[in-house]
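S.K.: Any chance you could fold what I've pasted below:
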Amino acid sequence: MNKRVVILVLIILCIQAAAFAGDRAEFINLGFNNDTGAFLYAQYGKDESGTFLYADIFYHDLLSGEDLSVLSKSKTYPVTLSSGHDGLSALLMSLREYFDLYSLDIDHTQTGTTLYYQLPGQTTGELISFSDYKTRTVYSASIVIRPQSREPGTDAALAITLFQTLSDGTLNRFEAGSLTTPLENIYEFQLKQIIVSPQRNYAVLVFQVNEYDEDKDTTNIRYYVTSMKIE
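M.R.: Numbers count the residues shown, from 1 in each chain. Reported below is the predicted structural model:
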C-alpha cells in the first residue's frame, strides 16, 4: 500500500471517529423490590472530553414496563473533585445522594437471575432463544426494530414478543414496546441481558443503544430497559 493510500485511509478513519465520537456508559443492576414492582439500575461513565464523571440512576416500574422520571436522577461531577478517575466513583457518590433523597426498599442482593447475557464480540439477531433451567422453561424473544435503515438522528421504534414454553408444554406469549412509538434519538439496539425478577414473575430486557446527541453531533452508548410480566 503506497503512502498516499495510507494517508487517505487515516484521514477517513479520523473523520469517522469525529462523526461518531462520544462516550460509552457502563450498566449495573442495583436490585429489585417485588413488593412495589420496582427494579433499580444505573449507567455511569466519563464524558468524551474527560472533564466530567456522570451517573444516571433509574427507577424502573415493572407494572408499566417503563422508567419513572420522578424517581430517576442524573448527576455529573468534575473529575478533579473525585478520588477516582472513572464513572464508578461518580456512581457511588450518586447512590449516597439518591438514597438520602428517597427511602426505597430496594434489596441490592436481590438482583434476579440472568437468563441471557451477550458475550463480548457476540451479536444478536431478531430471534433469540434461552432457557430458565431452574423452572425448565424455554423462551424465545422476537425483536423488531423500525425503520430498517437507520443512522444517527433517526428515531427508531422497538417491539418485543416473548414466547414462553412451560415445563408442562403450556405456551404463552408476552409483548412490550411499540413500532408506532419511536424512542427519541435512539437509532440502534443491541440486546445485552435478560433478567428475571427474584419471584420469576417479570422479565427485564436490557438493551445497549446508540444515542445521538444533537447538540454535540456525537453518538453515545447508553442503555434502555423495558420489562414485561411473565405469569
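S.K.: Now do the contacts for Ser178.
M.R.: Residues counted as contacts of Ser178 (CB atoms under 8 Å, 6 or more residues apart in numbering) are Ala157, Ala159. In this view, the C-beta of every residue, glycine as well, is placed from N, C-alpha and C.
S.K.: Same check on the one 5 residues further on?
M.R.: For Leu183, the set of contacting residues under the criterion of CB under 8 Å, 6+ apart consists of Asp155, Ala156, Ala157, Leu158, Val209, Tyr224.
S.K.: so which of those would you say is closest to Asp217?
M.R.: Among the contacts of Leu183, Asp155 lies closest to Asp217 (CB to CB), at 16.2 Å.
S.K.: helix/strand/coil for the closest one?
M.R.: What DSSP: H, G, I helix; E, B strand; the rest coil gives for Asp155 is coil.
S.K.: Can you tell me the closest non-neighbouring residue to it?
M.R.: Closest residue in space to Asp155, ignoring its immediate chain neighbours: Pro182 at 3.7 Å, by CB to CB, 6 or more residues apart in numbering.
S.K.: In terms of helix, strand or coil, where does the one you found fall?
M.R.: Put simply, Pro182 is coil when judged by three-state DSSP.
S.K.: That one is in contact with Arg150, isn't it?
M.R.: No: taking contacts as CB atoms under 8 Å, Pro182 lies outside contact range of Arg150: 10.5 Å.
S.K.: Next, show the common contact partners of those two.
M.R.: Residues touching both Pro182 and Arg150 (CB under 8 Å, 6+ apart): Ala156.
S.K.: How confident was the prediction at Ser94?
M.R.: We have a pLDDT of 91 for Ser94.
S.K.: likewise the one 4 residues further on?
M.R.: Tyr98 is assigned a predicted lDDT (pLDDT) of 92.
S.K.: mind starting the numbering at 34 from now?
M.R.: Got it, the first residue is 34 from now on, which makes the last one we talked about Tyr131.
S.K.: Report the contact partners of it.
M.R.: Counting by CB under 8 Å, 6+ apart, Tyr131 touches Ile90, Lys106.
S.K.: you'd agree it is in a helix?
M.R.: Yes: assessed with three-state DSSP, Tyr131 lies in a helix.
S.K.: so where's the chain uncertain?
M.R.: Applying pLDDT under 70 to the chain flags residues 34-55, 67, 114-118.
S.K.: And the strands in it, which stretches?
M.R.: 59-66, 71-79, 85-94, 99-100, 106-111, 146-150, 160-165, 170-179, 190-198, 204-211, 219-229, 235-246, 251-262 (DSSP state E).
S.K.: Can you tell me which of those strands is nearest to Leu125?
M.R.: Smallest distance to Leu125 across the strands of the chain (CB to CB): 8.3 Å, for strand 85-94.
S.K.: and that closest one, how far from the chain's centre?
M.R.: Its chain's average C-alpha position is 11 Å from that of strand 85-94, according to CA atoms, centre = their mean, to the nearest Å.
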